[in-house]
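Trainee: How does the following fold in three dimensions:
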Amino acid sequence: MKKVILASQSPRRQELLQKLGIPFLILAADIDETIDRSMPLDAAIADLAKRKATAILAKEPDAIVIGADTIVVYENNILGKPKDNHEAAKMLRMLQGNTHQVITGISVASKDKILQDAHISYVTFDPLSDDEISAYLKTMEWCDKAGSYAIQGHAAKYINHIDGDFYSIMGLPLNLLHKMLLQF
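Mentor: Model prediction:
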């Protein structure tokens, strides 16, 4: 089997990829992560995942490279990684009591083939009090998380409903990735 490289430093993606039982290396892609808003968001995030994969493929042409990226979208606004506690609180106040989208783009690339796709999930939060938001912020779990939360952590108790793929919300749609890898 060819060398498999995950083009991400995300500990969550590394943990999830281990569930597929294939050995892999990690090489983070250093690219411009600007999302092309002229495209539908699912296509734009799949394109970003492809750009990550192909950037690493250019350095490792004999490998199979996996690129991924996840965004949180509420009312057509992309909620990225908060820069501070204040911005995280603002995002959580937006999401509480509402349903939002989590879009994860995935790409698998080799010198012979490039596949890309995106998975859209819908997450509904319970209404949250200011005290609950403040308590969540103290966990520091919101740091470096799109939308200011980690579904697999303390925020789980606030999630009322998921329509989609839990692993995709965490950052790597395992079923979709497995099917893509079978094509290599």
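
Trainee: Can you pull up the most central residue in this structure?
Mentor: The centre of the chain sits closest to Thr70, judged by CA atoms, centre = their mean, with a distance of 2.6 Å.

Trainee: downstream neighbour of whichever strand or helix holds it in the secondary structure list?
Mentor: Thr70 is part of strand 64-74, with elements assigned from DSSP states H and E. Sequence-wise, the next helix or strand downstream of strand 64-74 (DSSP H and E) is strand 77-79.

Trainee: What residue in this structure is the furthest from its centre?
Mentor: What lies farthest from the middle of the chain is Asp131; by CA atoms, centre = their mean that is 27.6 Å.

Trainee: Just say helix, strand or coil for that one.
Mentor: helix (DSSP: H, G, I helix; E, B strand; the rest coil).

Trainee: any idea of the pLDDT on the residue nearest to the centre of the chain?
Mentor: Thr70 is assigned 94 on the pLDDT scale.

Trainee: just checking, it touches Asp144?
Mentor: No - in this structure Thr70 lies outside contact range of Asp144 using CB atoms under 8 Å: 11.7 Å. Where you see a C-beta, it was placed from the backbone N, CA and C, and this is true even at glycine.

Trainee: now for the helix of greatest length in the chain, which elements pack on it?
Mentor: Secondary structure of the chain read by DSSP state H shows that its longest helix is helix 41-59. Other helices and strands packing on helix 41-59, by 3 or more CB pairs under 8 Å, 6 or more residues apart in numbering; DSSP states H and E, are strand 64-74, strand 99-109, strand 114-125.

Trainee: Sheet-wise, list the partners of the first one with their directions.
Mentor: The reference is to strand 64-74. Strand 64-74 pairs in its sheet with strand 4-6 (parallel), strand 77-79 (antiparallel), strand 99-109 (antiparallel), by DSSP bridges.

Trainee: Output it as CSV - backbone C-alpha positions only.
Mentor: What follows is strand 64-74, C-alpha atoms only, in CSV (Å, rounded to 0.1, in the frame of the first residue of the first chain):
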residue,chain,number,x,y,z
ILE,A,64,-2.1,9.2,-1.1
VAL,A,65,-2.9,12.5,0.6
ILE,A,66,-6.1,13.3,2.6
GLY,A,67,-7.1,16.9,3.0
ALA,A,68,-10.0,18.1,5.1
ASP,A,69,-11.6,21.3,6.4
THR,A,70,-14.7,22.0,8.5
ILE,A,71,-16.8,25.2,8.7
VAL,A,72,-19.8,26.1,10.9
VAL,A,73,-22.5,28.1,9.1
TYR,A,74,-25.4,29.9,10.7
